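> The sequence and its predicted three-dimensional model are supplied below.
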Amino acid sequence: MKTCLVVDDSRVIRKVSRRILEDLGFEVAEAGDGVEALAWCSAVMPDVILLDWRMPAMDGMAFLRRLRTERGGETPKVIFCTIENEIERIREALDAGADEYIMKPFDGGIVAAKLAYLGMAA
Amino acid sequence: MIPPADLAFVCALCLARAGLQIDIDKSYLIESRLWPAARREGFDSPESFIEAVRARGDMRMGWGLVEAMSLPESEFFRDREVLLTLIEEVLPRLARARGNEPVRVWSAACGTGQEVYSLAMLLAEAPNLSGRVALFGSDLSERCLEKAQAGIYSQFEVQRGLPARLLVRHFETFGEGFVLSPRIRQLVRWRRVNLMDDLGRDGRFDLVLCRGALGQLAPEARGRVLNSLSGALAPGGRLVLGLKDDPGDAFTRVGPGIFADHHDAVRSAA
């Protein structure tokens, strides 16, 4: 079973994301910010990370840069999932090593489409 | 509640004008699709809109009704493997066969343009095909074509199938949505076409895509449209249908949703 780490400071978004991902056959873990997410990743690296941008402690961009610098390579797949919807922000995220980008609000169809595109169907 | 006689009128009009098969029992669907069109025409309900179309026999308003009932499916990169097969295998072969002539590709019933623009974006990244393919998009609905030509899509529409990498390469932020770059938009020419009409006047095409419309048509209309689309194919051309569409014995499947005229397929196999 593939694993997905949902990183978002909103408990509601984490809950919604969990339901969508579990329906898609993923095992889901949750983190409330980048610091928690890094701790998760150093223990068990997930296959996919669904990553919010604006978070306290460490935001999504800082987390992604740390992850890519420390781990190198292209795993895990990182999908930003954020309210930021300007093209410039999306470009910035991809340049920093994100694999895909979801703009909130989102639904299960969008998450499934992005995962399928990344070859990450569970 | 739309009276049964009015529902029957709507179904009959859609069938006669566009071959559309509308289920008369789904009155809620008919009503919900007609509300926006009724408001646009200045009516306070679908019932009064239908009544006016019936009473006045106004062609333009009648088409407004038919268009409202035709809901083309349109999504960026729907059935991605089909588009990739076209770009990697089918179009290069057609381009070789065409020599210096452009390969003519027609997205019939293109809805709001996502399919043909998906092809245009892929073509822009295929140096061996760049400038060698002419793209045409047509739909029954003027409103869909206007939206397609404008190339403006909502956040929801671009997220459905468009990879983020292509979104940042070819779109700009536009209000709450996104607008496609003029470079891609200008690759496509548009025209309103009712697939039930004679399709001969636009010449022949090497590739005809009709991936969302057949399922909406009545059986007789489906046969007629398939026949016309087949007639619009240039020799050696390919017809691309929805993955669930079955075009019958006149066609041979040569790829995912990709068909050759049966006689053509036999000739090229010989």
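Looks like it came in fine. Numbers count the residues shown, from 1 in each chain, chains lettered A, B, ... in the order given.

> Report the secondary structure element holding residue 22.
I'll assume chain A. Per DSSP states H and E, residue A:22 falls inside helix A:11-23.

> and that helix, which residues are buried?
Going by neighbour count (16 or more other Cβ atoms under 10 Å in any protein chain shown), the buried part of helix A:11-23 is A:13-14, A:16-18, A:20-21. (Glycine included, C-beta is placed from N, CA and C.)

> for stretch B:15-34, same thing?
So, applying 16+ other Cβ under 10 Å, buried residues of stretch B:15-34: B:15, B:17-22, B:27, B:30-31, B:33-34.

> ok, so of the residues you listed, who is nearest residue B:147?
The closest of the buried residues of stretch B:15-34 to residue B:147 turns out to be residue B:33 (Cβ to Cβ; 16.4 Å).

> Torsion angles phi and psi at that closest one?
Residue B:33 has phi and psi values of phi -70, psi -30 when expressed as degrees, to the nearest 10.

> Go ahead and confirm it touches residue B:68.
Yes: between residue B:33 and residue B:68 there is a contact at 5.3 Å, judged by Cβ atoms under 8 Å.

> Show the contacting residues for the closest residue to residue A:56 other than its chain neighbours.
Distances taken as Cβ to Cβ, 6 or more residues apart in numbering or on different chains place residue A:33 nearest to residue A:56, at 5.6 Å, with adjacent residues excluded. Residues near residue A:33 by Cβ atoms under 8 Å, 6 or more residues apart in numbering or on different chains: A:7, A:9, A:55-59, A:63.

> I'd like those residues as a markdown table, with secondary structure and distance to residue A:46 appended.
Shown next, in a markdown table, are the contacts of residue A:33 (DSSP: H, G, I helix; E, B strand; the rest coil; distance: Cβ to Cβ, whole Å):
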| residue | secondary structure | distance to residue A:46 |
| --- | --- | --- |
| A:7 | strand | 10 |
| A:9 | coil | 18 |
| A:55 | coil | 17 |
| A:56 | coil | 21 |
| A:57 | coil | 19 |
| A:58 | coil | 17 |
| A:59 | coil | 19 |
| A:63 | helix | 13 |
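
> Report the buried members of those residues.
A:7, A:9, A:55, A:58-59, A:63.

> And those residues, which is closest to residue B:237?
Out of those, the member with the shortest distance to residue B:237 (by Cβ to Cβ) is residue A:7, at 49.5 Å.

> Do you know the pLDDT at that closest one?
Note on residue A:7: pLDDT of 98.

> List the residues that contact it.
By Cβ under 8 Å, 6+ apart, residue A:7 lies in contact with A:30-34, A:36-37, A:49-52, A:55, A:60, A:63.

> tell me the SS of the nearest residue to residue A:87 once chain neighbours are set aside?
Nearest non-adjacent residue to residue A:87, counting by Cβ to Cβ, 6+ apart: residue B:173, 4.9 Å away. The three-state label for residue B:173, taken from DSSP: H, G, I helix; E, B strand; the rest coil, comes out as strand.

> burial count for residue B:173?
By other Cβ atoms under 10 Å in any protein chain shown, 15 other residues sit near residue B:173.

> how near is it to residue B:98?
For residue B:173, the distance to residue B:98 (Cβ to Cβ, to the nearest Å) stands at 38 Å.

> Just give the number of residues close to whichever residue of the stretch 1-150 of chain B sits closest to chain A.
Across the stretch 1-150 of chain B, the shortest distance to chain A (Cβ to the nearest Cβ) belongs to residue B:80, at 7.5 Å. By other Cβ under 10 Å, 16 other residues sit near residue B:80.

> can you pull the contacts of it?
Going by Cβ under 8 Å, 6+ apart, residue B:80 touches A:117, B:161.

> what about it, distance to residue B:117?
Residue B:80 is 14 Å from residue B:117, by Cβ to Cβ.

> and chain A, which residues reach chain B?
Neighbours of chain B within chain A, by Cβ under 8 Å from any Cβ of the partner chain: A:85-88, A:90-91, A:93-94, A:98, A:100-103, A:106, A:109-110, A:113-114, A:117.

> Just the buried ones from the residues you listed?
Buried subset of the residues of chain A next to chain B (neighbour count, 16+ other Cβ under 10 Å): A:85, A:87, A:90-91, A:93-94, A:98, A:100-103, A:106, A:110, A:113-114, A:117.

> State the pair within those residues that is farthest apart.
Within those, A:91 and A:113 form the most distant pair, 20.2 Å apart (Cβ to Cβ).

> So which residues of the stretch 151-270 of chain B form strands?
B:152-153, B:171-174, B:177-180, B:188-192, B:205-210, B:233-241, B:251-255, B:258-261 (DSSP state E, counting those that start in this stretch).

> With mean pLDDT as extra columns, can I get these in TSV?
Rendered in TSV, the data for the strands of the stretch 151-270 of chain B read as follows (pLDDT from 0 to 100):
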stretch	mean pLDDT
strand B:152-153	96
strand B:171-174	97
strand B:177-180	97
strand B:188-192	96
strand B:205-210	96
strand B:233-241	95
strand B:251-255	93
strand B:258-261	92
